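**Q** My questions are about this predicted structure, shown below with the sequence.
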Amino acid sequence: MRCVIARFPFDLTKSGVLESMKGVKPEPVTGEFVIIGRRHYPVKQVGQAITRQDRRDFSAGEVLRAMSRLGFTCRALPEVAPARIENPVQQASTMLGTPLSV
């Protein structure tokens with residue numbers, strides 16, 4: 001499949017991507033990621049491995065589109081719900097706990 005990443009054309013195949021990522025240790029995932037085999041790779045790491053370009057030269061969206069079109073599963077980390085903010089009285093009550101019965 002022909003795709004453009006960072007204004008350069010690439011002819012990518014699923015088997016070619018699998019071969020490029022063979023033996024590459026996944027970095028910790030902090031945002032969007034691509035599932036290749038049983039491993040979760042950050043999008044920018046995959047883009048760097050398959051294009052041999054610096055990560056600053058391309059966007060995550062370009063790589064996500066290419067990997068999706070090749071049939072790889074692409075996901076984003078779920079948003080973490082903000083912690084519930086308690087007022088000072090509720091916070092003190094929680095810290096003290098419930099009274100024990102004697």
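**A** Happy to help now that I have it. Just so it is clear, the model here is predicted, and its values are computed rather than measured.

**Q** Would you confirm that residue 69 contacts residue 2?
**A** No: counting by C-beta atoms under 8 Å, residue 2 is not a contact partner of residue 69; they are 10.2 Å apart. C-beta coordinates here come from the backbone N, C-alpha and C atoms, glycine included.

**Q** So if I had to pick from these two, which one is more boxed in?
**A** residue 69 (12 against 8; other C-beta atoms under 10 Å).

**Q** and the more buried one, what pLDDT?
**A** Looking at residue 69, its pLDDT is 94.

**Q** Name the residues of the longest helix along the chain that are buried.
**A** Ranked by number of residues, the top helix in the chain under DSSP state H is helix 60-70. Residues of helix 60-70 classed as buried: 60, 62-64, 66-67, 70 (neighbour count, 16 or more other C-beta atoms under 10 Å).

**Q** neighbouring contacts of the next helix or strand after that helix?
**A** For helix 60-70, the following helix or strand on the C-terminal side (DSSP states H and E) is strand 73-76. Residues external to strand 73-76 that are found in contact with it (C-beta atoms under 8 Å, 6 or more residues apart in numbering): 31-35, 43, 64, 67-68.
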